[in-house]
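In: this is the structure alone, sequence omitted:
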């Protein structure tokens, strides 16, 4: 992986910090492939966190996730065809808003402009998997 795309807490001011949100049930391989390709872009980007299982009650899960997300500037949602029905995606979009992140989305893995978006993710903040469009959206 390129040196700039990794999960950490610190980043130079010129590096854009991302929190990656994806469907834990159906999107792990998509997320892995996306991160691999992102690392090849040579962008000043740092992934500070990503979706992961939290074996906590709902209140504590929200506190832990919001605090973790605050290390990022942008929450990037990998929008797959089933993302709108994914419990963790819907929750994490809500948490990202509580953390005051700019929430954006990337249509991926067969999603189109007609794919239902997770609640809280707005159509104007979503692009197809085009590296130029994504760079404009998150940088």
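Out: Looks like it came in fine. Every value quoted in this text rests on a predicted model; they were computed, and no experiment measured them. Numbering: from 1, shown residues only.
In: and residue 75, what does it touch?
Out: 18, 19, 21, 69, 92, 93, 96, 99, 101, 102, 103, 104 (CB atoms under 8 Å, 6 or more residues apart in numbering). Just so you know, the C-beta spots here come from the backbone N, C-alpha and C atoms, and that holds for glycine as well.
In: find the nearest non-adjacent residue to the fourth one, please.
Out: When the adjacent residues along the chain are set aside, residue 69 lies closest to residue 99, with 3.9 Å between them (CB to CB, 6 or more residues apart in numbering).
In: my guess is the one you found meets residue 64, correct?
Out: No - counting by CB atoms under 8 Å, residue 99 does not reach residue 64; the two are 11.4 Å apart.
In: contact partners for residue 14?
Out: By CB under 8 Å, 6+ apart, the contact list for residue 14 reads residue 44.
In: which of the helices or strands spans it?
Out: Secondary structure assignment for residue 14, by DSSP states H and E: no helix or strand.
In: wait, residue 103 touches residue 92, no?
Out: No - under the criterion of CB under 8 Å, residue 103 makes no contact with residue 92, lying 9.5 Å away.
In: between those two, what contacts are shared?
Out: 75, 77.
In: who has more neighbours out of those two?
Out: Applying other CB atoms under 10 Å to residue 103 and residue 92 shows that residue 92 carries more neighbours, namely 31 against 23.
In: what's in contact with the lowest-mean-pLDDT helix or strand in the chain?
Out: Least confident element among the helices and strands of the chain, by mean pLDDT, DSSP states H and E: helix 58-69 (a mean of 88). Residues from elsewhere that reach helix 58-69 (CB under 8 Å, 6+ apart): 19, 48-49, 54, 56, 75, 91-92, 95-96, 98-99, 101.
In: kindly recompute the last result at 6 Å.
Out: Contact with helix 58-69 is made by 19, 49, 54, 95, 96, 98, 99, 101, as judged by CB atoms under 6 Å, 6 or more residues apart in numbering.
In: right, I'll leave it there.
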